[in-house]
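[1] Coordinates for the following, if possible.
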Amino acid sequence: MRIKVIAVGTRLPGWQQQGFQEYARRLPRECALQLTEIPAATRTRSKPTKQAIQKESDRLLAAVAKNDYVVALDQPGAQYSSEDLSGLLATWLAQGRDLAMLIGGADGLSDACKSRADLRWSLSDLTLPHGLVRVMVAEQVYRAWSILHGHPYHRGE
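    So this is what the prediction gives:
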């Protein structure tokens, strides 16, 4: 199974790129983590925000394969403990489908992205920088994998 993190934004600080790559490097082939960056739409006074969200969402959805299980990172989505996420990861691995995680731009995801999603996941009630979300997703996927395999990285109760 491939886990595709499909995210809006192409010019992130080096520490965010390094953080994502560090956790991606730790994961085995059975759940390889790959990043696809989608260019952010240009925002100007003459182009409404809704138009930018639509353009970004069209690009996000174009990167999703027909059979992918889609997870939209969305603030009002469901929140999961690390243990719960490891259970979800076990289910996804058993299904054998690729996983596509969508991270929107500064203004979020369109309704079309949310509708395409099989699951809407919220990392927090807080509004988080989108580059940091990439790092957090990579870390949580690695933590979920480590829980499944009894790896000492996770020190839960």
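
[2] so where's this protein shaky on pLDDT?
    Filtered on pLDDT under 70, the chain yields the residue ranges 156-157.

[3] Can you show me the helices along it?
    Secondary structure of the chain by DSSP state H: the helices cover 14-26, 49-62, 82-95, 111-116, 130-148.

[4] Which among those is found nearest to Y69?
    Each of those has some distance to Y69 by C-beta to C-beta; the shortest is helix 82-95, at 6.1 Å. Backbone N, C-alpha and C define where each C-beta goes, glycine included.

[5] Kindly compare burial across the helices of the chain and name the winner.
    Burial of the helices of the chain is given as mean neighbour count (mean count of other C-beta atoms under 10 Å); helix 130-148 ranks first at a mean of 20.

[6] my guess is I6 contacts A100, does it?
    Yes: with contact defined as C-beta atoms under 8 Å, I6 counts as touching A100 (5.8 Å).

[7] Residues that sit against both of those two, list them.
    When C-beta atoms under 8 Å, 6 or more residues apart in numbering defines a contact, the residues bordering I6 and A100 alike are 63-64.

[8] Just put the helices of the chain in a markdown table and tack on distance to H154.
    Written out in a markdown table, the entries for these read as follows (distance: least, C-beta to C-beta, whole Å):
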| stretch | distance to H154 |
| --- | --- |
| helix 14-26 | 13 |
| helix 49-62 | 30 |
| helix 82-95 | 6 |
| helix 111-116 | 30 |
| helix 130-148 | 5 |
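
[9] nearest to D74, of these?
    For D74, the closest of the helices of the chain is helix 111-116, at 6.3 Å, according to C-beta to C-beta.

[10] Report the distance from the closest one to the chain centre.
    Here the centre of mass of C-alpha atoms in helix 111-116, compared against the chain's by C-alpha atoms, centre = their mean, to the nearest Å, lies 14 Å away.

[11] Can I get that helix in CSV, CA atoms only?
    Listed next in CSV are the C-alpha coordinates belonging to helix 111-116 (Å, rounded to 0.1, in the frame of the first residue of the first chain):
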residue,chain,number,x,y,z
ASP,A,111,-16.9,20.6,-0.9
ALA,A,112,-16.0,18.3,-3.8
CYS,A,113,-12.8,17.1,-1.9
LYS,A,114,-14.8,16.6,1.2
SER,A,115,-17.5,14.7,-0.7
ARG,A,116,-14.9,12.5,-2.4
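
[12] I appreciate the help and will end here.
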